[in-house]
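**Q** with the input below, show me the fold.
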Amino acid sequence: MRRVLNSLRGQLVLLVILALAAAQAVSLWLFVDERSLAVRAALGAETAGRAANVARLIEEAPASLHASILRAANSPLVRFGIAPEPEVEHMTHNGNGIVEERVRALLDGNFSREIRVELHEVDGADLPLPHLDQEMAAMHREMMRGHMSAIELKLSIALSGSQWLNVDTRFERPPLQWPLYSTLTFALTAGFILIVVFWFLMSRVTGPLRRLSVAADRLGRGEDVDALPAVGPCEVQDLTDAFNRMQERLKRFVADRTRLLAALGHDLRSPLTAMRVRAEFVDEEETRDSLISSIEEMQSMVDSVLAFARGLAVSEPLEVCELGKFLEQLRADMLDRFDLHPGVTIEVGLRPNAMRRALRNVIENALRYGGWARVGYGIDGKNALITVVDSGPGIPEEDLERVFDPFLRLEASRSLETGGYGLGLSIARTIARAHGGDITLANRPDGGLLATLAIPLAKDQTEMET
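**A** From the prediction side, this is the model:
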């Protein structure tokens, strides 16, 4: 799940879902608010109409019928009463003009009549409506889902005879609800958008980026990678074109460097051979031996240069090998000159000849300067680790990286008289990095050197390529 959420696809899908949920919540809130306003307007208009009709009836009917008219007009939601004093002490003006105008219009537009309107919030402790019986109050609370909030409207209409008609009603605020059709609409909208987003991301964005990531990883391991097609948005196309151009430049650079080294080593062989033949005709033995020794040293250097050039040129395909068996075979090829510490079964993708050469260089380096070598292997995360331990003098900490430079030999830690031209570790690291891994060196606390070669596991290489 964490990997999905960390991916571009997962984050965009999550963003779309959150945006849809936020938009739906805002729409629902606006809908409820509009519904509340509509309900309040309807109830206010209905109350104003009933109040005007009751006022007209009271004024037109004899006093003996007033009580009957009030009983007939009363309901659980609206209460009417006649009193010598108005219940509304003063007029409020926060939107109550509409109610007043409607009452006057229904009372034949009599502007001399005094009409007072009061509109205010009602505390939840007073709810539900005070005129409801217990059964209806319980039903009302259940309908409102416990969210009791209301607006109270009071009307005081002056009647003839110095009497006032007092009207009291309340409008309940509709609770926030999530209707079934809103849920279905949200689900259908989210599903449709997610399908479109998935198709767009997979075919237009994440697909090309995934192929680009795989191609970059394969290029880093030294494999041949065909030019990628420029598809997707223009930014992805520009990135793909830049990768293709970089790949071509890297291939030309490595090929030119390899050809230069190979040509240099090859062309030097002929004059060196001629010099060796002519040196044999020198009469003075001491001079002849000195010349032959120098020529042989130069010939050895040329062979090392050619070996280094071959290490840069990677053409061998990857093979899935069981690491333990591979190291057992290498140990047999080297006549059991090193100890092998067995480990768990590990499958890695190797170029067998190149990796054999890299390990041979590291192990022979340990044998040359430490006198013995012990090889072990295991797993660390997504990498297989091969360790080579010796008991030599070690390397100064500041030179642990410098020893991988071509033709570098450290006099302080490695004797020049033991042989070598400083290319063994360079070739080994070049091969390891061509596999997508690396080689590191570290001094052991109890003396000697620890060389660690990391190689990606075969399953991780397969996952990257698929």
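**Q** for the rest of this, base every contact and every neighbour count on C-alpha atoms.
**A** Fine.
**Q** need the single longest helix in the chain, by residues.
**A** Counting by DSSP state H, the longest helix found in the chain is helix 8-60.
**Q** centre of the chain to that helix, how far?
**A** Distance of helix 8-60 from the chain centroid (CA atoms, centre = their mean, to the nearest Å) equals 39 Å.
**Q** show the average pLDDT along it.
**A** For helix 8-60, mean pLDDT rounds to 75.
**Q** packing partners of whatever helix or strand comes next after that helix?
**A** Next helix or strand after helix 8-60 toward the C-terminus (DSSP states H and E): helix 66-73. The criterion is 3 or more CA pairs under 8 Å, 6 or more residues apart in numbering; DSSP states H and E, and the helices and strands that helix 66-73 contacts are helix 8-60, strand 78-83.
**Q** hey, which of those is tucked in deepest?
**A** strand 78-83 (a mean of 18; mean count of other CA atoms under 10 Å).
**Q** that one pairs with which strands?
**A** Paired neighbours of strand 78-83 in the sheet (DSSP bridges): strand 163-172 (antiparallel).
**Q** burial count for residue 234?
**A** Residue 234: 10 surrounding residues under other CA atoms under 10 Å.
**Q** can you report how many residues neighbour residue 288?
**A** Counted with other CA under 10 Å, the neighbours of residue 288 add up to 17.
**Q** follow-up on the earlier one: between the longest helix of the chain and strand 163-172, how big is the angle?
**A** For helix 8-60 against strand 163-172, the angle by axes from the mean of the first three to the mean of the last three CA atoms, to 10 degrees is 160 degrees.
**Q** quick revisit: closest to residue 101 out of the helices and strands packed on helix 66-73?
**A** Among the helices and strands packed on helix 66-73, the nearest to residue 101 by CA to CA is helix 8-60 (9.2 Å).
**Q** picking up where we left off before, for the longest helix of the chain, packing partners?
**A** With contacts taken as 3+ CA pairs under 8 Å, 6+ apart, helix 8-60 sits against helix 2-6, helix 66-73, helix 97-106, strand 150-159, strand 163-172, helix 180-200.
**Q** out of these, which comes closest to residue 364?
**A** helix 2-6 (42.0 Å).
**Q** what stretches of the stretch 251-400 of the chain score poorly on pLDDT?
**A** When residues are selected by pLDDT under 70, those of the stretch 251-400 of the chain lie in 304-315.
**Q** ok, the closest residue to residue 53 other than its chain neighbours - how many residues close by?
**A** Nearest residue to residue 53, sequence neighbours excluded (CA to CA, 6 or more residues apart in numbering): residue 106, at 7.5 Å. For residue 106, the neighbour count with other CA under 10 Å is 17.
**Q** and stretch 99-115, what's its mean pLDDT?
**A** Across stretch 99-115, pLDDT averages out at 79.
**Q** straight-line length of that stretch, end to end?
**A** With CA to CA, to the nearest Å applied, stretch 99-115 spans 10 Å between its terminal residues.
**Q** on that earlier part again, contacting residues for the residue nearest to residue 53?
**A** Residue 106 makes contact with 49, 52, 53 under the criterion CA atoms under 8 Å, 6 or more residues apart in numbering.
**Q** ok, so of those residues, who is nearest residue 432?
**A** Looking across the contacts of residue 106 and measuring by CA to CA, the closest to residue 432 is residue 49, at 91.3 Å.
**Q** if I look at that closest one, how far off is residue 87?
**A** Here the criterion is CA to CA. By it, residue 49 lies 19 Å from residue 87.
**Q** could you do residue 56 as well?
**A** 19 Å.
**Q** residue 378 now?
**A** Using CA to CA, residue 378 is found at 91 Å from residue 87.
**Q** ok, now residue 234?
**A** Applying CA to CA to residue 234 and residue 87 gives a distance of 73 Å.
**Q** residue 445 too?
**A** 96 Å.
**Q** residue 209: what secondary structure?
**A** Following DSSP: H, G, I helix; E, B strand; the rest coil, residue 209 is assigned to helix.
**Q** just checking, it touches residue 238?
**A** No - if you go by CA atoms under 8 Å, residue 209 and residue 238 don't touch, sitting 11.6 Å apart.
**Q** between these two, tell me which one has more neighbours.
**A** Remark: of residue 209 and residue 238, residue 209 carries more neighbours, 20 against 14, as counted by other CA under 10 Å.
**Q** rewinding a little: with neighbour numbers in mind, choose between residue 378 and residue 87.
**A** residue 87 (20 against 17).
**Q** tell me the SS of the more buried one?
**A** Classification of residue 87 using three-state DSSP returns coil.
**Q** contacting residues for it?
**A** 154, 155, 156, 166.
**Q** let me know the closest of those to residue 329.
**A** Set against residue 329, the nearest of the contacts of residue 87 by CA to CA is residue 154 (100.1 Å).
**Q** burial count for that closest one?
**A** Neighbourhood size, residue 154 [other CA under 10 Å]: 19.
**Q** how about residue 452, phi and psi?
**A** phi -120, psi 120 (degrees, to the nearest 10).
**Q** chain neighbours aside, what residue packs nearest to residue 247?
**A** In space, residue 247 is closest to residue 219, 7.7 Å off (CA to CA, 6+ apart).
**Q** same check, this time on residue 151
**A** Spatially, and ignoring its direct neighbours in sequence, residue 151 is nearest to residue 121 (4.7 Å; CA to CA, 6+ apart).
**Q** and what of residue 154?
**A** Residue 154 sits nearest to residue 168 (CA to CA, 6+ apart), 4.7 Å away.
**Q** just residue 20 next, same as before
**A** In space, and not counting its chain neighbours, residue 20 is closest to residue 190: 6.9 Å by CA to CA, 6+ apart.
**Q** how close does that neighbour sit to residue 265?
**A** Taken as CA to CA, the span from residue 190 to residue 265 is 67 Å.
**Q** the more surrounded of those two?
**A** Between residue 190 and residue 265, residue 265 has the larger neighbour count (other CA under 10 Å), namely 20 against 17.
**Q** I figured residue 276 hits residue 294, correct?
**A** No - with contact defined as CA under 8 Å, residue 276 does not reach residue 294; the gap is 9.5 Å.
**Q** hang on, the earlier thing: between the contacts of residue 106, which is closest to residue 371?
**A** Using CA to CA, the contacts of residue 106 come closest to residue 371 at residue 49, 110.5 Å.
**Q** what about the residue nearest to that closest one when sequence neighbours are not counted, neighbour count?
**A** Spatial nearest neighbour of residue 49, excluding adjacent residues (CA to CA, 6+ apart): residue 103 at 6.5 Å. By other CA under 10 Å, 25 other residues sit near residue 103.
**Q** just the pLDDT for residue 82.
**A** So, for residue 82, pLDDT stands at 92.
**Q** contacts only, for it.
**A** So, once contact is read as CA under 8 Å, 6+ apart, residue 82 ends up touching 163, 164, 165, 166.
**Q** element containing residue 430?
**A** Residue 430 belongs to helix 424-434 when assigned by DSSP H and E.
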